[in-house]
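Undergrad: Okay, predicted coordinates and the sequence, questions at the end:
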Amino acid sequence: MFSFLILISFNTALLQEIYETNAKEYDLIIDFKHTLDYYINECQQDLKKEKMRNYKIYQETNKHLLNVLEKIKILNTFAALLPPNISCSVNDMLILPHPEECQLYYNCSVIYSIIPKQMEQHLMECDYPNLFSLETNRCDNFRKVACKTRREIKDKCKYRLMIQSFWSPEPCLLSFPSCDNKTDGLHEHGVKKPSPYFMICDGERFLREGFCPVDPTWNTRSFPYNGRCLSSFEIPRDKYSYGKLPSCAGKTNGSYQFLELPCDAFYKCQNGHAKATKCPENSQFDQDSGACQIGAICP
């Protein structure tokens with residue numbers, strides 16, 4: 001019994017020692033955490049101060065830059081009022097619009113040793129169909145540019161660099177026809193006509209030319225008409241020299257045979273308007289029904 005009491009007393013002392021040791025370690029951990037929090041807070045405060053200092057430097061620099069830009073703008077505005085040769089002598093980095101033509105501009109950094117025909121010193125021209133923008137001070141898409149009092153040239157052959165490339169307008173128009181007063185889309189070629197050649201217009205500007213293919217339904221050459229490539233049998237003969245669609249003038253509503261294709265096609269008149277129809281394979285035009293029929297007898 002005595003030995004048991006000694007054992008209990010020993011364990012109690014041991015537990016007390018362990019508790020005191022752990023308490024000291026816990027106090028050390030708490031102290032370390034407080035110290036760490038303090039330094040973290042100090043660092044955060046220093047960062048805020050540095051950020052504010054840098055922001056003030058940024059504000060001052062930006063303000064100075066804006067003042068410089070405003071002075072440059074005033075200088076450029078003044079220089080732009082002078083003739084180009086004088087303006088460029090004031091500032092050889094100036095880029096100025098041409099006062100009359102919207103596709104032209106002056107680049108003071110460009111100096112010709114031999115001035116090209118149709119041009120003058122420092123004068124440059126936007127690539128067709130671009131125009132020079134007063135907003136961006138560079139060549140831009142013609143739909144984004146407001147020419148205001150400057151003349152807006154729409155024909156490629158009237159751009160100055162194109163004029164100097166051809167000895168007369170006719171060869172230029174053969175390759176780059178005019179789309180003046182044309183709607184957007186496909187049109188008969190302005191020069192190569194009547195023919196299968198067509199041109200694509202956008203904003204009264206010529207984009208490209210093309211060649212109508214053979215129509216697979218009619219197995220004949222197609223031609224540009226009403227914004228599409230159509231078989232000659234679908235084009236009125238009184239509207240186009242290659243057209244083969246007869247007129248319905250004076251004819252009652254109904255179906256009629258083509259003289260050139262009496263069996264496998266017909267045209268229908270409706271209130272004076274004609275529309276061509278090609279019969280499907282293995283069928284022919286039936287006069288009685290006025291439609292294509294398999295097994296129909298063609299007279």
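TA: Sure thing, it's come through.
Undergrad: Which stretches in the stretch 1-150 of the chain count as helices?
TA: Using DSSP state H, counting those that start in this stretch, the helices of the stretch 1-150 of the chain run over 2-80, 84-90.
Undergrad: ok, of the ones you listed, where does mean pLDDT dip lowest?
TA: Sorting the helices of the stretch 1-150 of the chain by mean pLDDT places helix 2-80 lowest, at a mean of 63.
Undergrad: What are the buried residues along stretch 207-221?
TA: Within stretch 207-221, the residues that count as buried by 16 or more other Cβ atoms under 10 Å are Glu209, Cys212, Asp215, Trp218, Thr220, Arg221. In this view, the C-beta of every residue, glycine as well, is placed from N, C-alpha and C.
Undergrad: After the strand or helix carrying the last one, heading C-terminal, what element do we hit next?
TA: Assigned by DSSP states H and E, Arg221 belongs to strand 220-225. Using DSSP H and E, the helix or strand that directly follows strand 220-225 along the chain is strand 228-231.
Undergrad: List the strands paired with that following strand, with their directions.
TA: Within its sheet, strand 228-231 is paired with strand 220-225 (antiparallel), according to DSSP bridges.
Undergrad: Show residues contacting the partner strand.
TA: 186-189, 194-198, 212-215, 229-235, 239-240, 242-243 (Cβ atoms under 8 Å, 6 or more residues apart in numbering).
Undergrad: quick check: mean pLDDT across it?
TA: 93.
Undergrad: show me what contacts the closest residue to Ser178 other than its chain neighbours?
TA: Distances taken as Cβ to Cβ, 6 or more residues apart in numbering place Asp155 nearest to Ser178, at 4.8 Å, with adjacent residues excluded. Residues near Asp155 by Cβ under 8 Å, 6+ apart: Phe176, Ser178, Cys179, Asp180, Phe206.
Undergrad: could you dump those residues to JSON lines with distance to Phe166, secondary structure and pLDDT?
TA: Listed next are the contacts of Asp155 as JSON lines, based on distance: Cβ to Cβ, whole Å; DSSP: H, G, I helix; E, B strand; the rest coil; pLDDT from 0 to 100:
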{"residue": "Phe176", "distance to Phe166": "10", "secondary structure": "coil", "pLDDT": "94"}
{"residue": "Ser178", "distance to Phe166": "14", "secondary structure": "coil", "pLDDT": "96"}
{"residue": "Cys179", "distance to Phe166": "18", "secondary structure": "coil", "pLDDT": "96"}
{"residue": "Asp180", "distance to Phe166": "18", "secondary structure": "coil", "pLDDT": "94"}
{"residue": "Phe206", "distance to Phe166": "15", "secondary structure": "strand", "pLDDT": "97"}
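Undergrad: May I see those residues arranged in a markdown table, with neighbour count as well?
TA: A markdown table is the format used below for the contacts of Asp155 (neighbours: other Cβ atoms under 10 Å):
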| residue | neighbour count |
| --- | --- |
| Phe176 | 23 |
| Ser178 | 21 |
| Cys179 | 23 |
| Asp180 | 13 |
| Phe206 | 25 |
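Undergrad: for Lys154, what are its contacts?
TA: Pro129, Ser178, Cys179, Asp180, Gly203, Glu204, Arg205.
Undergrad: what would the residues you listed look like in CSV with distance to Gln287?
TA: CSV is the format used below for these (distance: Cβ to Cβ, whole Å):
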residue, distance to Gln287
Pro129, 53
Ser178, 47
Cys179, 45
Asp180, 47
Gly203, 49
Glu204, 48
Arg205, 50
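Undergrad: Would you mind measuring from Pro236 to Gly190?
TA: Applying Cβ to Cβ, to the nearest Å, the value for Pro236 to Gly190 is 21 Å.
Undergrad: typed the wrong thing, it's Ile294
TA: Using Cβ to Cβ, we find Ile294 at a distance of 45 Å from Gly190.
Undergrad: If you count surrounding residues, which of the two has more?
TA: Gly190 (20 against 11; other Cβ atoms under 10 Å).
Undergrad: And the closest residue to that one other than its chain neighbours, which helix or strand is it part of?
TA: Nearest non-adjacent residue to Gly190, counting by Cβ to Cβ, 6+ apart: Pro177, 3.1 Å away. Using DSSP H and E, Pro177 falls within no helix or strand.
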